[in-house]
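> Provided below are the primary sequence and the corresponding predicted coordinates.
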Amino acid sequence: MQLADAYPVIVTEQLDECRDFYTRRLGFELVFHADWFVLLKSQGEPAHALAFMHVDHPSSPPSPAAYGGDGMFMTLQVLDARAERERLRSAGIELALDLTDEPWGQRRFAVVDPAGMWVDIVEQIEPAAGWWDPYIAGGVSL
């Protein structure tokens, strides 16, 4: 299979709220908007797409139903998680997870979008010394 593109489509009744959240708060751009489908793309190169489909559209998958917030999350990697956290907090966005430095080498925080999607916003940082050693080739025996 040779892909031309790939992106998630989240089935939700909160199309306009998701459009506004991602364009106004997370810097995505609107590519297409109808009352049944919203397609967004990130700024910069390469651009990354994200879509939302209304539960009542005929092409919506018969299962699952509207996204309920479990079993999936999205990661947005940024250059400066601390600055993004401050920008979103200043805009009144509630944090689901406050800024945390993880031993595996991520500085991260999280928000929840209007569809109930956990959005993990991460910056790559230096991992704790030795944290990755068991996972590097030769360090794990199967």
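That came through, no problem.
> Give me the below-cutoff pLDDT ranges for the chain.
Along the chain, the model assigns pLDDT under 70 to residues 60-64, 137-142.
> Could you pull out the helices in it for me?
15-20, 81-90 (DSSP state H).
> Of those, flag the one that's most buried.
helix 15-20 (a mean of 18; mean count of other CB atoms under 10 Å). Every residue, glycine included, has its C-beta placed from N, CA and C.
> picking that back up, next, format the helices of the chain as CSV and append distance to Pro103.
Below are those laid out as CSV (distance: least, CB to CB, whole Å):
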stretch, distance to Pro103
helix 15-20, 33
helix 81-90, 16
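> Tell me which of those helices sits nearest to Ala34.
helix 15-20 (8.8 Å; CB to CB).
> Which residues does that closest one contact?
Residues outside helix 15-20 that contact it (CB atoms under 8 Å, 6 or more residues apart in numbering): 10, 12, 30, 33, 35-38, 40, 52-54, 113-115.
> quick check, nearest of those to Glu123?
Asp113 (19.5 Å).
> wait, that closest one sits on Tyr22?
Yes - the pair Asp113 and Tyr22 passes the contact test of CB atoms under 8 Å, sitting 7.2 Å apart.
> Among the contacts of helix 15-20, which lie within strands?
In this view, the contacts of helix 15-20 that belong to strands under DSSP state E are Ile10, Leu30, His33, Phe37, Val38, Leu40, Phe52, Met53.
> which of the residues you listed are buried?
Ile10, Phe37, Val38, Leu40, Phe52, Met53 (16 or more other CB atoms under 10 Å).
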